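Peer 1: Quick one: sequence plus predicted model below, questions after.
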Amino acid sequence: MCQKYEAIFIIKENKQENKTREIINEINSIITNYNGEIYYKNEKGICNLAYEIKGNKKAFFYYIDFKNIENKELELGKIAIKLNTIEEILKHIMLKLEDN
């Protein structure tokens, strides 16, 4: 049985679009490398923040839904550790979704 998750990433605003694309690709590859399968992605783009985060007033918002690959356990702890090493991610949250 697959467990579903959702995640939101607040990424430091970058004037170079290709740098933001690299960070998104890195996030995606971290999740897939630890038995996750991304089934929905939404790039909200650059938005004003409600409050300053690490000196940033604007940031790029990236939303995904993912699940564990069948018959494999999702290594959520390892995913979180790897995501915390990406300097450009200002904040992120991953939530486990309820089963229907």
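Peer 2: Here it is on my side, so go on. This structure is a prediction, so every number in the text was calculated from the model and none was measured. Residues are numbered from 1 along each chain as shown.
Peer 1: Now the element after the strand ranked longest in the chain, going C-ward?
Peer 2: When the chain is scanned for its longest strand (criterion: DSSP state E), the result is strand 36-53. On the C-terminal side of strand 36-53, the closest following helix or strand by DSSP states H and E is strand 56-68.
Peer 1: Who are the packing partners of that following strand?
Peer 2: Packing partners of strand 56-68 (3 or more Cβ pairs under 8 Å, 6 or more residues apart in numbering; DSSP states H and E): strand 4-12, helix 17-33, strand 36-53. Every residue, glycine included, has its C-beta placed from N, CA and C.
Peer 1: Buried ones in stretch 35-55, by neighbour count?
Peer 2: Neighbour-count burial for stretch 35-55, with 16 or more other Cβ atoms under 10 Å as criterion, is recorded at 35-37.
Peer 1: For these, please prepare TSV with the additional fields pLDDT and distance to I64.
Peer 2: What follows is the buried residues of stretch 35-55, written out as TSV (pLDDT from 0 to 100; distance: Cβ to Cβ, whole Å):
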residue	pLDDT	distance to I64
N35	91	15
G36	92	9
E37	94	11
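Peer 1: of those residues, closest to A50?
Peer 2: G36 (28.7 Å; Cβ to Cβ).
Peer 1: residues contacting that closest one?
Peer 2: 5, 66-69, 74, 79 (Cβ atoms under 8 Å, 6 or more residues apart in numbering).
Peer 1: Swap in 10 Å and give it another go.
Peer 2: Counting by Cβ atoms under 10 Å, 6 or more residues apart in numbering, G36 touches 5, 7, 28, 30, 64, 66-69, 72, 74-76, 79.
Peer 1: Take those and, keeping just the buried ones, write it as a PyMOL select command.
Peer 2: Filtering these down to the buried ones (16+ other Cβ under 10 Å) takes a single PyMOL command:
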select buried, resi 5+7+28+30+64+66+67+68+74+75+76+79
